[in-house]
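Asker: what follows is a predicted protein model with its sequence.
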Amino acid sequence: MCAMATKSKIEWTDTTWNPVRGCTKISPGCKHCYASAFAERFRGVPGHPYERGFDLRVVPEKLLEPFMWSAANMVFVNSMSDLFHPQIPDSFVVQVAEVMMKANWHTYQVLTKRADRLEKLLSGPLRFATSSSHIWWGVSVENIKHGVPRITRLRNTSAAMKFLSIEPLLEDLGEVDLSGIDWVIVGGESGRGARPLEESWVLNLLKRCRKHRVPFFFKQWGGVNKKKTGRELGGKTYDQFPATLNLPIPSRAERQGMMAVLEQGFIKTNELHQIRC
């Protein structure tokens, strides 16, 4: 059962976990989606995880994966999707949360652009997963019109840990209110067609984070060659994180027992095996 988690190239996490694959674009931040571009490269490749490209689907066989890793990780949940996409059944979202609650030696980072559904579910079926500080609930913010309202939605929840991924940052967010936020990631867009990031926009967010005493992580300047532009802001890097729990990892036998109990409770219906977009 034991396996090492695959090391992620994303600077602010250790590994990724994708019990959902695929998504649909809803705002300007989605224009150059890296996940979509990656997945579509493999459309039609028999046996590949993205044989169906970026079509939305749940992957029940991935649900229990966090129990199989032999070390504690910081886990980006659904780096290749959005857990709160409206076509993902509530029941499956709850199952993902149940795994996160049970495998609590990991730290989970759940990021969405569907802040309205996030707010609704965290106030209802997912309320049981809001008080635990090892699950970080976050929203993406790219501009004032689409992104900033998501912050209010997140703030309205009772989540113990709230974070923002302000990437790609497409404009100055002005006097954005960061009260009640526990972590902020900022970054520019990268790859072909990347839209520009101005230093003054980043410095404004650094100032706002300092005002509200929010840990600040600067991911990248981005551009066509993100390695060349780097991660330094004013001659230094910013790699601040919130405090994390360091809970002991259960033995292999204990984790197998936890998996068995959860698996018995997961009803894998046809609805959960296939989603028609």
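Answerer: Cool, the structure landed.
Asker: which SS class is the residue nearest the centre of the chain?
Answerer: Computing the C-alpha centroid of the chain and ranking residues by Cα atoms, centre = their mean puts L111 first, at 3.2 Å. Here L111 is recorded as strand under DSSP: H, G, I helix; E, B strand; the rest coil.
Asker: contact partners for it?
Answerer: 76-78, 82, 138-140, 163, 165 (Cβ atoms under 8 Å, 6 or more residues apart in numbering). Every C-beta, even on glycine, is put in place using the N, C-alpha and C of the backbone.
Asker: go on, F217?
Answerer: Taking Cβ under 8 Å, 6+ apart, one finds 11-12, 183-186, 238-241 in contact with F217.
Asker: and if you look at H106?
Answerer: H106 neighbours (Cβ under 8 Å, 6+ apart): 66, 69, 72-75, 100, 134.
Asker: pLDDT score for it?
Answerer: With respect to pLDDT, H106 scores 98.
Asker: gap between it and E40?
Answerer: 30 Å (Cβ to Cβ, to the nearest Å).
Asker: same check, this time on T237
Answerer: 33 Å.
Asker: what do you get for V99?
Answerer: 28 Å.
Asker: equivalent analysis for P168, please.
Answerer: From P168 to E40 the distance is 19 Å (Cβ to Cβ).
Asker: just to revisit the earlier point, which one of the contacts of F217 is nearest to V202?
Answerer: Of all these, V186 has the smallest distance to V202: 5.7 Å, by Cβ to Cβ.
Asker: packing partners for the helix or strand containing the closest one?
Answerer: If you go by DSSP states H and E, V186 is part of strand 183-187. If you count contacts as 3 or more Cβ pairs under 8 Å, 6 or more residues apart in numbering; DSSP states H and E, strand 183-187 packs onto strand 162-166, helix 199-212, strand 216-220.
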